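In: Output the structure for:
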Amino acid sequence: QVQLVESGGGLVQAGGSLRLSCTASGRTVSRYTMGWFRQAPGTEREFVAGTSWNGGSGTLYNVDSVKGRFTISRDNAKNTVYLQMNSLKPEDTAVYYCAARLNFRVELAAAQYDYWGQGTQVTVSS
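Out: So this is what the prediction gives:
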């Protein structure tokens, strides 16, 4: 079993930045694909970014929603994945979830992920 705990959410003004962290326990996730999703009230959970176990060569973003503002990275030595979010907009307001899947491929569908964190709230004020 893998337990995921997100941190780093909060309230920020439009144009500001936040860095989310997701730390895994229970197993090393160095061979897991890690993803970030978000869910606003009344909407479906949306893929934001993902990174395969080998890092940079297997990174994918939801281009339409993040358009180069967000960067996903991982530190396998710390069993942690990060989401750096810059130039935040009010429409980025959501609960952000970390997810893991035991596969090298980044998938956009939430159903493809095996483990989930509890989520961290990000609120961007205008």
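In: rest of the way, CA atoms for contacts and neighbours
Out: Fine.
In: At the geometric centre of the chain, which residue sits there?
Out: With distances taken as C-alpha atoms, centre = their mean, the residue of the chain nearest its centroid is W36 (2.1 Å).
In: From N79, how far out is that one?
Out: Applying C-alpha to C-alpha, to the nearest Å, the value for W36 to N79 is 15 Å.
In: Please, where are all the helices along this protein?
Out: In the chain, the segments counted as helices under DSSP state H are 63-66.
In: any weak-confidence spans in it?
Out: 54-57 (pLDDT under 70).
In: change it to 90
Out: 1, 26-31, 53-65, 67-68, 76, 102-105 (pLDDT under 90).
In: Hmm, Y97 and the residue nearest to the centre of the chain touching each other?
Out: Yes: counting by C-alpha atoms under 8 Å, Y97 is a contact partner of W36 at 5.6 Å.
In: Name the nearest residue to the residue nearest to the centre of the chain, ignoring sequence neighbours.
Out: Nearest non-adjacent residue to W36, counting by C-alpha to C-alpha, 6 or more residues apart in numbering: C98, 4.7 Å away.
In: ok, what's across the strand from A24?
Out: A24 has these beta-bridge partners by DSSP bridges: L4.
In: residue contacts, it?
Out: Residues near A24 by C-alpha atoms under 8 Å, 6 or more residues apart in numbering: V2, Q3, L4, V5, N79, T80.
In: again, but for T123
Out: So T123 contacts G9, G10, L11, V12, P90, D92, T93, A94 (C-alpha under 8 Å, 6+ apart).
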